[in-house]
Structure formats: C-alpha cells, structure tokens
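Q: For reference, the sequence and a predicted model appear below.
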Amino acid sequence: MDLSQYRNVWVFAEQRQGVITPVVRELLGEGRKLAGEIGTDVCAILLGRDIGCLAKELICYGADKVYVADHPLLENYTTDAYTKVITDAIQEYRPEIVLYGATHIGRDLAPRIAARVNTGLTADCTALSVDEESGNVVWERPAFGGNLYAQILCSETRPQMGTCRPGAFKKPEKVMDNKPEIIMEPIHTPENEIRTKVIDFIKACEDNDIPLQDAEVIVSGGRGMKNGENFKVLKELADVLGGTVGCSRAAVDSGWMPQSKQVGQTGTTVTPKIYFACAISGAVQHVAGMSGSGTIVAINKDDTAPIFEVADYGIVGDVFEIVPALVKELKARQQG
C-alpha cells in the first residue's frame, strides 16, 4: 500500500432527524488539531435527506470541505446504506484519517467500514495525538476496565480509523466567515440492498431529561447515597440548576441507577460547566470521565477522599444535610 496517496482528516458527521450530534463538533475541533500537525485539510462526510443547512453548519465549526450524500434512502441511519456510501467515498478520495463518534451509530458503522477497506480501527478513544517520528496518529483509549491506557498506532494500512468517546474533547468556537466547499456525492445503493427499514423512533429518556453529554450542570452520586431512592435528593438540586443527575459505577453496579447515567471511563465522559460529586470517593476511573468539567464541587463525609484532590470546592459533611440546604437556599434566591 502506497501510504503517500492518502491525505486529509475526515469526520463522519452523524446526524439524527436533522440535528448534528454534539460529538461531531468535538471531532471537527480535534480533527483540526491533527490536520494542523500533519499539514492537511479537515473534511466532513454527511449523509441524510434535505441536509444542505447542516453542511453549512459543519463549515462553521471548522470543516474545509463537506462531502454530502443527500437521498431519501439516507434519511434515517441504516447499516447497509451508510456503510456502502461511506466505503465508496473512502475508496475514491482516500482520506488519511477518519474519525467517528463512539455513539450507537458510530460503533455499528465504523467496524464495518474498516473491514470493507481492509484497515484497522481503534475503538472508544479519549485522546489523540501525532507521533513525531512516524507521523501516525496515536490513538489513546482505556483498557482493562479503565485500569490502564493503551496507545495504538496503525502504521501499515490506511485510512487510520477510530471511534472517539463523546465528551472527551472540547468543542470549537463557531466561525461564520469560513469559505464553504460542498461536494455532492452520487448514490449507488439499490434499495433492495438495504435490509432494514426504520419504522419509528422511541425516546430513551423523558422529555425533560437532559443527556449527560449535553448537560451544563451534572449532580452525581456514588456508593455513599446508600440506595436508589436517595437519588431523588440529587434530582432536586439538578432540577433547581437546570441540570441532570449522574452517578458513579458503584451506583450502577448496585442497581440504583441505569448505565446511561454513569460518568467515568466505562461510562460517559462529560464536560459540564458545573459538576457536583456527591458521596463519591473519587476513583481514578470516575475522575477521568469528569475532570474536564468547568467547576467541580465535592461533597463527602470523608475529608481524605481522593475526590477533594480534583475539586475546585470541597464540602466535608453529610450529603443528606448539605444538598437539601443548597436546594432551599437556591430556591429562596430564585424567588427573591
């Protein structure tokens, strides 16, 4: 394989029902850093139906080019159609690097494309860099339950591909004066080759429940919450602040909270403006998933808990006394 024929950093611009998923903006920002180090462009590949406005949005977040496949068969994600279209595009344009979000769609799509183009794939990455000696991407990801980090290089095949955990990277600022270059891609996927059909969408959470990766305020609880019922105390604080409730792995393993609410290396990586760690000891696996938060507030009875080492503000005391007091004070200020 002649590796010199492969250029540019590509980002799979995942969209759902006409909305770009938040991780795409993160990947465009990280892709821009990689492209700057290897001296190339950042491109997005966007699939869907009537998605012209989304292509312009991607330009504003740093894409130099956007490859658009706009067709009724691509309105909703299906494994067969998206795999075929993106594989064809990769084989035609030969990108050097392809980034996917480690979402349900990204985790389904990326390995299939990797197999089609005969290259490697590093899954669930939390950090990316360029190896100075070889120029290859260094894909960093947690391994063995988050007890160590692996650094993986794809040195013999192209493109270099990986899925990246949502929330692991900062979103770039929106820039309105970027000059767009939008390339429309033809579709060569017969309808009879698509083996699945989307019938309906059912939301996985209540309308007023904010996904962890989108929340600006997260109030998380750990083993010290004692049972699932006590998480209602944290929800009161989250509701007052317009946020959502999260948890540590211990709370999930105990059956108190769903896995979708877990923050950490084996859960969701989050970067809210404010993160409350309530009755959470601060294991390294949990801290790795929330250390990028703007402000961290720790509440714990144990003044030697490791969580205080990463907290901006620490309160030593009983969470069942402190959180209700915070809620009372915040409500009073809002009413005043």
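A: Happy to help now that I have it.

Q: For the residue lying closest to residue 160 once chain neighbours are set aside, list the residues it contacts.
A: Distances taken as Cβ to Cβ, 6 or more residues apart in numbering place residue 154 nearest to residue 160, at 4.4 Å, with adjacent residues excluded. (Each C-beta comes from the backbone N, C-alpha and C, glycine too.) Contacts for residue 154 were tallied using Cβ atoms under 8 Å, 6 or more residues apart in numbering; they are 119, 120, 122, 136, 137, 139, 160, 161.

Q: Wasn't the first one part of a strand?
A: Spelled out, it's residue 119. No - Residue 119: not assigned to a strand; according to DSSP: H, G, I helix; E, B strand; the rest coil it is coil.

Q: next one: phi and psi at the nearest residue to it once chain neighbours are set aside?
A: Nearest non-adjacent residue to residue 119, counting by Cβ to Cβ, 6+ apart: residue 157, 4.2 Å away. Main-chain dihedrals, residue 157, degrees, to the nearest 10: phi -130, psi 160.

Q: where's residue 157 relative to residue 7, distance?
A: 15 Å (Cβ to Cβ, to the nearest Å).

Q: Looking at the two now, which is surrounded by more residues?
A: Between residue 157 and residue 7, counted using other Cβ atoms under 10 Å, the more crowded position is residue 7 (18 against 15).

Q: give me the element residue 10 is part of.
A: strand 9-12 (DSSP states H and E).

Q: List the strands paired with that strand, with their directions.
A: Strand pairing for strand 9-12, using DSSP bridges, gives strand 42-48 (parallel), strand 97-101 (parallel).

Q: Between those strands, which one is closest to residue 73.
A: Closest to residue 73 of the strands paired with strand 9-12 is strand 42-48 (Cβ to Cβ; 9.6 Å).

Q: From the contacts of residue 154, pick the one nearest residue 294.
A: residue 139 (26.7 Å).

Q: quick one on the thing from earlier: what's the following helix or strand after the strand holding residue 10?
A: Heading C-terminal from strand 9-12 (DSSP H and E), you reach strand 15-16.

Q: CA atoms only for the strand holding residue 10 - export them in CSV, please.
A: Listed in CSV are the C-alpha atoms of strand 9-12, where the atom choice follows Å, rounded to 0.1, in the frame of the first residue of the first chain:
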residue,chain,number,x,y,z
VAL,A,9,-8.7,14.1,8.0
TRP,A,10,-12.3,13.1,7.7
VAL,A,11,-15.0,13.3,10.3
PHE,A,12,-18.2,11.3,10.0
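
Q: for stretch 96-111, how far is the first residue from the last?
A: Length of stretch 96-111, first residue to last, Cα to Cα, to the nearest Å: 17 Å.

Q: all helices for the stretch 101-250 of the chain, in order.
A: 104-117, 231-241, 249-253 (DSSP state H, counting those that start in this stretch).

Q: And these: which comes nearest residue 167?
A: helix 104-117 (13.6 Å).

Q: Tell me the pLDDT of residue 207.
A: Residue 207 carries a pLDDT value of 48.

Q: May I see the buried residues of stretch 273-293?
A: Residues of stretch 273-293 classed as buried by neighbour count (16 or more other Cβ atoms under 10 Å): 274-283, 285-290, 292-293.
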